[in-house]
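# Structure, please.
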Amino acid sequence: MKFIAIDYGTKRTGLAATDTGGSMAFPRRTITMTTKDRFFGELLAFIEEERPAGIVVGLPTLLDGTETLMTRQVRNFAARLMRRCDLPVYFMAEMLSSHEAEADLREAGLDNREIRKVVDQQAAVRILETFLEEPVDRRCRVE
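The predicted structure follows:
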């Protein structure tokens, strides 16, 4: 099964997708927030283009699991997404995904300017890889 992942941000949102077999994750694109309508238009076009079986949304919390303002914003985003899309949506806990993504990109030899362009996509890859490693019965579907 194919999945996409979303690393939602108030300025930029990174997108990643698996191969059709759902075994490997690849960075796809970054959507820059302008207006909500335009943002959701781009996101829904991406979803339609990829035709996934489900959507994984990174859920940021503090290291101890405490929710933050960003956690609430991501929950609100997921609720708005579910009103616009009939696919199942899953939350995947993400702690430090952006920092790990940045480290991945530095290790690959990218400079700061290049990293800024794709770090959100790489964070979405990290989220998706974690989700794929999770046993199916432990995946957290949003209701």
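# Give the next helix or strand downstream of the lowest-mean-pLDDT helix or strand in the chain.
Taking mean pLDDT, DSSP states H and E as the measure, the helices and strands of the chain show their lowest mean at helix 97-107, namely a mean of 71. Once helix 97-107 ends, the next helix or strand along the chain (criterion: DSSP states H and E) is helix 112-133.
# Burial check on the closest residue to residue 53 other than its chain neighbours, number of neighbours?
Leaving aside its chain neighbours, residue 53 sits nearest to residue 1 (4.1 Å; criterion: C-beta to C-beta, 6 or more residues apart in numbering). Every C-beta, even on glycine, is put in place using the N, C-alpha and C of the backbone. Neighbour count for residue 1, taken as other C-beta atoms under 10 Å: 11.
# Which pLDDT value does the model give residue 1?
On pLDDT, residue 1 comes in at 89.
# One more: residue 32?
Residue 32 carries a pLDDT score of 95 in this model.
# What segments of this structure are helices?
For the chain, the helices defined by DSSP state H cover 36-50, 69-84, 97-107, 112-133.
# mean confidence for the first one?
So that's helix 36-50. Across helix 36-50, the average pLDDT comes to 96.
# low-confidence ranges in this protein?
Counting by pLDDT under 70, the chain contains low-confidence residues at 95-97, 99, 101, 105, 110.
# 90 instead, please
1, 21-23, 61-66, 93-119, 122, 134-143 (pLDDT under 90).
# Residue 22 contacts residue 5, correct?
No - applying C-beta atoms under 8 Å, one finds residue 22 not in contact with residue 5, separated by 11.6 Å.
# Which one's more surrounded, these two?
Neighbours were counted for residue 22 and for residue 5 using other C-beta under 10 Å; residue 5 has more, 33 against 17.
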